[in-house]
Each structure stands twice: as structure tokens, then as C-alpha cells.
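*Asks:* mind looking at a prediction? Sequence and model below.
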Amino acid sequence: MISLNIEKTLGFISKENVFAYESQVKAAQDALENGTGKGNDFLGWLHLPSSITQEHLADLKATAQVLRDNCEVVVVAGIGGSYLGARAVIEALSNSFTWLQDKKSTPVILYAGHNIGEDYLYELTEYLQDKKFGVINISKSGTTTETALAFRLLKKQCEDQRGKDMAKKVIVAITDAKKGAARVTADNEGYKSFIIPDNVGGRFSVLTPVGLLPIAVAGFDIEKLVAGATAMEKLCGKDVPFAENPAAIYAATRNELYKHDKKIEILVNFNPKLHYVSEWWKQLYGESEGKENKGIFPAAVDFSTDLHSMGQWIQEGERTIYETVISVEKTNHKLEVPSDAQNLDGLNFLAGKRVDEVNKMAELGTQLAHVDGGVPNIRIVIPALNEESIGGLLYFFEKACGISGYLLGVNPFNQPGVEAYKKNMFALLNKPGYEEESKAIRARL
Ligand SMILES: O=P(O)(O)OC[C@H]1O[C@H](O)[C@H](O)[C@@H](O)[C@@H]1O
């Protein structure tokens, strides 16, 4: 389902030292299973894939169908963990140009609530003016300013354009069971709503309705996605021996690299469709491990694109980095390089070859060059871009993240640092209740 190869880290760290983590990994696995570690009230993701019922999937699919039947465009409003998982899967599986095609079989999925760009929101509302659109409003806390602001605009526009009754049909809320403004609005307005379980943090919520509903609306098979994750749940399970457990080995390897001053992990793809998987992964590892003045900095690049921008830095810059490459074994389509009688570009040596063969050689050449340049390389191969593989990959990263955070000694399931900017922003905007903070912050300006 995935294969993990750490051979190209071994010039920098030893296999022995990676395997020396075995007992610590076991302790981390036990702590996750038994709920005895830090942040143990946020372990709902651990056995989430295998506990998803057919009824739940049927409910999600039926709601998705209502949106698909009644909308040309669906705006997914959310930020962080309430945004990135859905976008990661949808972009990985979508045709890159569907949004430009005239005849669409599924609604166009657009995103809002993840920025406060006035022009972005203006242009979005302008685009939606003559569209039959719906909204999926996603917020666990139900109080996130960026999302709430976007939803306020979208709700009004949807009601104005489509009427209150239709708006009720095409606005869906995904939020806490009881708390938060999103819950109050959903209950008052009578929106269809789904619950984000208390014990699943945002960045681990892709397999809850947070990810599953938008993915189903976009036309992808959520059953297969969950099946892929469930298979990975088994492959990374607590009783799978260290040497065969990809989550265990990835977690141990990155902690060992960190000990050797490799402070930045660059997630690499050679397929532009994986860009948002990297964005999702950055939140997962950044919020989970970046605390107590510790933690690997998660960065990401899209190759070949970034080989022509960041390639220089990676090859010869400060040697504090390592790369983790996600390689896709098989493409979904076949395209050969054509032969050209004139051969003015000198590319006839590639004629008849698959484009992916060229890409794979770029990948191999890059790996060898970067390893020669002092960059350890972890390689993860997934069979193809399909629901099963992506479901498996996401769960693999989640499980490894839980283990890795425990190896690092932090609570991987909180994010106290994110509040600092919010407090300042509220103080600067004179939010009621922030009078003291407002005074104090103004004195600093
Ligand atoms: O789902 P929400 O409560 O709106 O939160 C959305 C995101 O913003 C927060 O500030 C956190 O840093 C993230 O972990 C979270 O995923």
C-alpha cells in the first residue's frame, strides 16, 4: 500500500540508532492505545477509520447528493484542519483542468474562510453572483474569525440569491455537537449538520465529515478512502513489529535525524496534484511538534517546479535539512513523447518514452544529487493517485505524527501557540471583552 525506504538516510544516521527507538516507539504506541500519554483527550482519530459505519457514510453521501443536485458551485468555508484535508484529497484526485471545462458532472469546489483577503472575498462573491451555489461551513470551535467572516458573507448572498428555503437546503454545517456560533446558527436556521467529535483535533479530522463531505460532493469515493485508511490503521498497528511498521520507522528516523541537527524536513512531490497534501502535512506536523522550543520545521516543495527555484538552496545551502519524497508509482493516464522529424529541440532521444519515465529519472537524479549534497532522503512510494492510496497515506502520516510527537516528548495534540495572534487581533479590533488587552496593545504601537 505504501513502501517506506530510509536507505538514503543511512550515510547520515545509522540503522542501528533508528532501530534503537524500538522500545520508545512501543511505549508511544502503548500510550496512544491506552490513552495514557499527553493530550489523551484527543485520540479519537486513532481508530477512526475502522469505526466509521456504513450508515454514517450513507448519510454523508445523501447530503453530498443534495448539494450535487442543487449546486453548480459549492464553497467550503474553513481554515487549518477544517480546510486542508478536504482540499488535499480533492486536489490529489481531481482532473487538473475540470474547473475550466464547460460541462461539469460535479459542482466546482471553491474555498473560503482560510484568509481575510478583501479582494479574494470580493472576487469570490462576484463570481458567485450568477451561480447556483451552496456552502459547507466547517469549524470545530465554531468561532474562528476568518471562517465566520466568510460564512457571514456567503450565507447572506446565498439567501439573497436563492431564497431562504433553498439556502436551508444547500448550506450544511460541520461543527461541535453543542458549542460555538456555527452550532447556534445551524440549529436556529435548521441546516443539515454533522458533528466533529470532541476527541478529534482539527488537523486529525480529515476522515470525519470535515473531509468526507466535501470529498463526496467533489465526486470521490469516500468508502474507498476510508478503506485505504483502515488498511493503513492495521499496517501501522501497535502489534506490527517495528521493522515492518512504516509509521514506527518514519517517526524514529525523523527523530534520529533531528538529533543530528537536521531541523527542517522538506516534503517533496514530483506531482503537482500533491501540493495540498503537503499543505495538510505541514499543519499536521507543525502544530503537533512545534512547541516548547522544539520541533522539526515542516517545509514542502513541488518538483520539478521548485528544482528551478529552491533547488540551489537544497543542493548547497545550510545542511540542516532532509527530504521526504512522496513518489507515485503509476500515473492514471498514458502520454508518450512524440518524435519530431526536425529534432530542433534535440529531444528525439526521448521519443516514444512515457512522460512519467522522464519524471521518474528527474526524481532519481534529484535524490542522488541531493544525497551527494548532504541531504538525507526518506522515500515513500504510493501505488497511484486514487482514493485508497490517499486514504492510506493520510492515516500513515497521522499515526507517525502521534508516535513522533511522543518520541519528541511534547503533547502532539494541542496548539496553544496559535492563540497569541488571535488575542492581539481581537485587542486591535476592539472585540468586546478585550478592553484591557486593547489598551495594553495600543500602548505598544
Ligand atoms: O475548526 P476551527 O475551530 O475553526 O479551527 C480551525 C483551525 O484554527 C485553529 O486556530 C487551529 O490552529 C487549528 O488547529 C484549527 O484546525
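*Replies:* Structure received. Numbering: from 1, shown residues only.

*Asks:* by residue count, tell me the biggest helix in the chain.
*Replies:* Using DSSP state H, we find that the single longest helix of the chain is helix 387-408.

*Asks:* give me the contacts around the helix or strand following that one.
*Replies:* As assigned by DSSP states H and E, the chain's next helix or strand after helix 387-408 is helix 419-428. For helix 419-428, the external contacting residues (Cβ atoms under 8 Å, 6 or more residues apart in numbering) are 145, 434, 437-438, 440-441. Heads up, the C-betas are built off the backbone N, CA and C, glycines and all.

*Asks:* take the residues you listed and keep only those in strands.
*Replies:* Applying DSSP state E to those, no entry is found in strands.

*Asks:* closest one of the residues you listed to the ligand?
*Replies:* residue 145 (9.0 Å; Cβ to the nearest ligand atom).

*Asks:* residues in contact with the residue in the stretch 151-300 of the chain that the ligand sits nearest to?
*Replies:* Closest contact between the stretch 151-300 of the chain and the ligand, by Cβ to the nearest ligand atom, is at residue 202 (2.6 Å). With contact set as Cβ under 8 Å, 6+ apart, residue 202 has these partners: 80-82, 140, 196, 210.

*Asks:* tell me which two in these are the farthest apart.
*Replies:* 80 and 196 (12.4 Å; Cβ to Cβ).

*Asks:* please say which of the two ends up with more neighbours.
*Replies:* residue 196 (26 against 23; other Cβ atoms under 10 Å).

*Asks:* residues touching the more buried one, list them.
*Replies:* 140, 174-176, 202, 205, 208-210.

*Asks:* assign a three-state SS to residue 432, would you?
*Replies:* At residue 432 the chain is in coil, as set by DSSP: H, G, I helix; E, B strand; the rest coil.

*Asks:* kindly report the residues of the stretch 51-200 of the chain close to the ligand.
*Replies:* By Cβ under 6 Å from any ligand atom, the residues of the stretch 51-200 of the chain that approach the ligand are 79-82, 139-141, 144, 147.

*Asks:* which one of the residues you listed is nearest residue 331?
*Replies:* Distances from residue 331 to those, taken by Cβ to Cβ, are shortest for residue 81, at 30.0 Å.

*Asks:* gap between the nearest residue to that closest one once chain neighbours are set aside and residue 277?
*Replies:* The shortest distance from residue 81 to any non-neighbouring residue, by Cβ to Cβ, 6 or more residues apart in numbering, is to residue 202 (2.4 Å). Applying Cβ to Cβ, to the nearest Å, the value for residue 202 to residue 277 is 17 Å.

*Asks:* just to revisit the earlier point, off-centre distance for the longest helix of the chain?
*Replies:* In this view, helix 387-408 has its centroid 11 Å away from the chain centroid, taken as Cα atoms, centre = their mean, to the nearest Å.

*Asks:* what's the pLDDT at residue 367?
*Replies:* Looking at residue 367, its pLDDT is 98.

*Asks:* show me the contacts for it.
*Replies:* 8, 325, 377, 379.

*Asks:* helix or strand: which one has it?
*Replies:* helix 355-372.

*Asks:* buried sites along that helix?
*Replies:* 356, 359-360, 363, 366-367, 370-371 (16 or more other Cβ atoms under 10 Å).

*Asks:* thank you, goodbye.
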